[in-house]
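In: Quick one, structure for this:
(chains A and B)
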There are 2 protein chains.
Amino acid sequence: MQALSPTDSAFLWMETRNQPMHVAGLNLYTPPTGAGADYVTNLLAQWGKHLSAHAPFNLRPVLRMGLWHWEEDREFELDYHLRHLALPEPGRIRELLVMVSRLHGNLVDRSRPLWEAYVIEGLPDGRFATYIKIHHALVDGVTGARMMARGLSTTATEQKPPLWAQDLQSRAAARDKPGPSGLLHQLMDLAKAGRDILPGVGSGLRDILGISADGGAAALPFQAPPSPFNVEISGSRRFAAQSYSLQRLKAIGAASGATVNDVTLAICAGALRKYLLAQKKLPRKPLIAMVPVSLHGEAEAGGNQVTLLLANLATHLADPVARLQAIVHSTGDAKLRLSTMPRLQKMAHGMMTVAPLGPAMVTGSAGRRPVFNVVISNVPGPTETLFLNGARLDEVYPVSIVTHYLALNITISGYGDRLGFGYTACRRSVPALQRMLDYTDESLAELEAALRAAVGTPTPAPAPASKKTARKRAPAKKTAQPTASGPVAASRPRTRAAKRTEPS
Amino acid sequence: MQALSPTDSAFLWMETRNQPMHVAGLNLYTPPTGAGADYVTNLLAQWGKHLSAHAPFNLRPVLRMGLWHWEEDREFELDYHLRHLALPEPGRIRELLVMVSRLHGNLVDRSRPLWEAYVIEGLPDGRFATYIKIHHALVDGVTGARMMARGLSTTATEQKPPLWAQDLQSRAAARDKPGPSGLLHQLMDLAKAGRDILPGVGSGLRDILGISADGGAAALPFQAPPSPFNVEISGSRRFAAQSYSLQRLKAIGAASGATVNDVTLAICAGALRKYLLAQKKLPRKPLIAMVPVSLHGEAEAGGNQVTLLLANLATHLADPVARLQAIVHSTGDAKLRLSTMPRLQKMAHGMMTVAPLGPAMVTGSAGRRPVFNVVISNVPGPTETLFLNGARLDEVYPVSIVTHYLALNITISGYGDRLGFGYTACRRSVPALQRMLDYTDESLAELEAALRAAVGTPTPAPAPASKKTARKRAPAKKTAQPTASGPVAASRPRTRAAKRTEPS
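Out: Reported below is the predicted structural model:
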């Protein structure tokens, strides 16, 4: 029996019915050519033979003397964790997202290892999906995504055992080392240290952060306006997802001098502005995003200098190019500030971001005065095409955590030459989340058009035919629309994904 | 805004992740002749037009000044409550029960009205199911079952709006009156009164109950042996279900002089004995069942003298006839005792049965020394054939609540000339629940055979071809087996169901 670290334990303590603490990955697959209608049934039968699980998939939490420990589940029952589902008619991506929205709102059973793996059949053309839910106490988002990728094959012919039957523990343990994974853990350690060195934490933090209040563009804590995203949340979730070509974002970056990360933020900012305008709730002041980020240069992926920045999303600006420029300035300034910040300030900076995990954790005022409005995070993803027993992995979408006072999370996952945007939200406080997909489309297209008009760069025109979307309002099944059958089927992931930052 | 009664509130306070407090009904339907493959989709489209809900389906709980109140959900979102699901291949009853087992383990979202209605397609021959989950704070099991029945039609041509769009509030309110519904509420009121009149409740109760310890056969509190059913439960559920012809049970009753209720108990007792023997955990002492029961005569259905009795299930006896006789003696004695008991004793008796709702509620020792081992309850059901927009209702199964120290609940629901047995259990503490279905079959057949041998009565031989089962181990789809396509399709409910007692 192994004691959980205080930070891992925190995900168990903080969890409530309205605030489940699991992350998930939604993967879409195309079966190999010539696969029969029973492909998924056969896959499940094959997986069903692996009746025992390796760590961490065999570990359940037990409370001993007030502390959480991991112990092996000696009554491990694969049949409980592995679940076969089918989409109802008409079996569009819309029905898939409805299903995933529901599944993501359900708490895992703590009497067992904290994961559930769903295989979902019934998409057009024999495509199927997996939705794999893992508690954050067991793995963080990056480790989970990495494990899922490593559980797959790099060739169409290789057959691997299912995730739980592979020995991936060494990778899971990697998050305990300083590195790109485990940001939340690092931050919570920082916060703990911060409490020790900053006894009068409320005013102390303001003083420390006051040092940085030099009028720069970087968003500072306490600047975020109240917004509909910063409210108590309910127990229901909505998930929406969509992917874009990395090349499109790179072209915008090349035309504007922005990083792919900044372009991603700008696209999200435009979508958030449209959403809030439609809801008649756009704050006068710009939204502030918490963006986990590597301090390494744009060219370097990963690295162990991971922190986060608060990005001014400039949602008060109507002009998409001006908005992008403001974001570039904000993140550049924030990175510069972070790079020159002494350790104490970095820690204080980190601490502020932990606040939403428990509203009163740092200052007690996060609920009334949000430190930031939304989390936008990039998860590193595989660049090679991956296969599951011959079925090609087409799309990867992260499904993340929302908490009280942070009712919307946008996590972006790279796979090959695509970026999959996953929007996870409280269904009640963030109504009609699926419209964010249209707004994201429009935001991207407007940015491209504005850049073409403004600087005459060779930014490609919006190419809806090559855009692959996984959305609520997808066209009906078996049409020639790209949504369901997907031209991605023909595009083999090749290029390295954009700069990777760190998810929560 | 309307305050909940303390007893209704209790179901909210007592609810935890491992102990959800909702009940549900699983109904199976056959679409009308000539219905297309889109019958279910059309049904959902039709229902989807009823965007607003009548009370109680529009009420959500809110906590004000430490008390729960009902308030109208002004953001009522039908799309959240009404859910379309499909069974994965091969779409047997087995897959349906797996799905219902999972659904029943998920807590409802308290930010919204406390119900979810699922329409599940994909059974053989176009059959479909509904699974409707309602929180016990909103309606109790009897009221819920009654509302569901009243929401259906008595002719194949009548079209009614869906349940939530009908004005059924007057029926829901009926449980507040003394009557066959609301047993738990009555008991909790009794318990509350009991605390007032019995200050030293532990020893006081023992003294009072000691009066009854005259060596009679009626099970007394503190007699129940420890059993695998009386342990803390996990958050996962297993549901198994099966129905039998009421005539078969009546024939046994006629041959043995037992009531249908006693025969039901005897069949369950035989199944429980087989289960515990297989688990190598049969207690030396007989299991005690808590049986909600009417004090009126067998001929009268309903009535307002509702209490409960503790029945000795005689699971220590190997002979099925001897077991039935012991049960008849136990329940007869208990009823006699109840009928002659002064009010204070009745109250004390009632109080004891409330104990499992909160193990320490009465004596604090329910966990270590179970008062009874299992709840076996009969829910009154409709006797006429019912229809849902032309689709004939074939089978009705109650899905109930299990709690810490009561990991198994058997609820039996009558419909026409059939009795549907629903077994709800904690999946972890009651492993392989589905085997209970085989054991129930065997128990019934053994009882019939033993009675034929013992008294030479004209008890009908076991008739497996006319037995309709809804079970885990159903035969594959589209065979001629009775399980999936079901000869019940041909048997129209006609006769009045057996004696109805009161569910919890």
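In: on contacts alone, who are the packing partners of the helix or strand A:M148 falls within?
Out: Per DSSP states H and E: A:M148 is located in helix A:141-150. For helix A:141-150, the elements it packs on are strand A:22-30, strand A:128-135, helix A:169-173, strand A:374-379, strand A:391-399, judged by 3 or more C-beta pairs under 8 Å, 6 or more residues apart in numbering or on different chains; DSSP states H and E. Every residue, glycine included, has its C-beta placed from N, CA and C.
In: now the angle between strand A:391-399 and that helix, please.
Out: 170 degrees (axes from the mean of the first three to the mean of the last three C-alpha atoms, to 10 degrees).
In: Alpha carbons of helix A:141-150, as PDB, please.
Out: Only the C-alpha atoms of helix A:141-150 are listed here, as PDB (Å, rounded to 0.1, in the frame of the first residue of the first chain):
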ATOM      1  CA  GLY A 141      -3.900  15.000 -18.300                       C
ATOM      2  CA  VAL A 142      -0.500  14.900 -20.000                       C
ATOM      3  CA  THR A 143       0.500  11.600 -18.500                       C
ATOM      4  CA  GLY A 144      -2.900  10.200 -19.500                       C
ATOM      5  CA  ALA A 145      -2.600  11.400 -23.000                       C
ATOM      6  CA  ARG A 146       0.900  10.100 -23.300                       C
ATOM      7  CA  MET A 147      -0.100   6.700 -21.900                       C
ATOM      8  CA  MET A 148      -3.000   6.500 -24.300                       C
ATOM      9  CA  ALA A 149      -0.700   7.300 -27.200                       C
ATOM     10  CA  ARG A 150       1.900   4.800 -26.100                       C
END
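In: what's the average pLDDT for it?
Out: For helix A:141-150, mean pLDDT rounds to 77.
In: angle of that helix against strand A:128-135?
Out: 140 degrees.
In: Return the residues of chain A in contact with chain B.
Out: Within chain A, the residues that sit near chain B (C-beta under 8 Å from any C-beta of the partner chain) are A:17-18, A:38, A:40-41, A:75, A:80, A:83-90, A:95, A:102, A:105-107, A:109-112, A:121-122, A:234-236, A:427-428, A:431.
In: Which helix or strand lies directly C-terminal to the worst-scoring helix or strand of chain A on mean pLDDT?
Out: The helix or strand of chain A with the lowest confidence, counting by mean pLDDT, DSSP states H and E, is helix A:201-210 at a mean of 36. Downstream of helix A:201-210, the first helix or strand assigned by DSSP H and E is strand A:237-245.
In: Show the average pLDDT along that next one.
Out: 97.
In: which other helices and strands contact that strand?
Out: Using 3+ C-beta pairs under 8 Å, 6+ apart: strand A:237-245 touches helix A:93-104, strand A:391-399, strand A:418-426, helix A:435-455, strand A:469-470.
In: Packing partners of the third one?
Out: Under the contact criterion of 3+ C-beta pairs under 8 Å, 6+ apart, strand A:418-426 touches strand A:237-245, helix A:246-256, strand A:391-399, strand A:408-415, helix A:435-455.
In: Try it again at 7 Å.
Out: Judged by 3 or more C-beta pairs under 7 Å, 6 or more residues apart in numbering or on different chains; DSSP states H and E, the packing partners of strand A:418-426 are strand A:237-245, helix A:246-256, strand A:391-399, strand A:408-415.
In: Output the ones you listed as a markdown table; include the columns distance to B:T130.
Out: What follows is the helices and strands packed on strand A:418-426, written out as a markdown table (distance: least, C-beta to C-beta, whole Å):
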| stretch | distance to B:T130 |
| --- | --- |
| strand A:237-245 | 24 |
| helix A:246-256 | 45 |
| strand A:391-399 | 28 |
| strand A:408-415 | 33 |
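In: out of these, nearest to A:R150?
Out: Between A:R150 and these, the tightest spacing by C-beta to C-beta is seen for strand A:391-399, at 12.6 Å.
In: between the closest one and strand A:418-426, how big is the angle?
Out: 40 degrees.
In: for strand A:391-399, what is the average pLDDT?
Out: Computed over strand A:391-399, the average pLDDT equals 96.
In: Direction included, what does it pair against?
Out: strand A:22-30 (antiparallel), strand A:387-388 (antiparallel) (DSSP bridges).
In: How about residues contacting stretch A:398-407?
Out: Residues outside stretch A:398-407 that contact it (C-beta atoms under 7 Å, 6 or more residues apart in numbering or on different chains): A:19, A:21, A:23-26, A:100, A:104, A:136, A:141, A:145, A:229-233, A:239, A:356-357, A:359, A:366-367, A:370, A:375, A:379, A:408-409, A:411, A:413, A:422, A:424-426, A:429-430.
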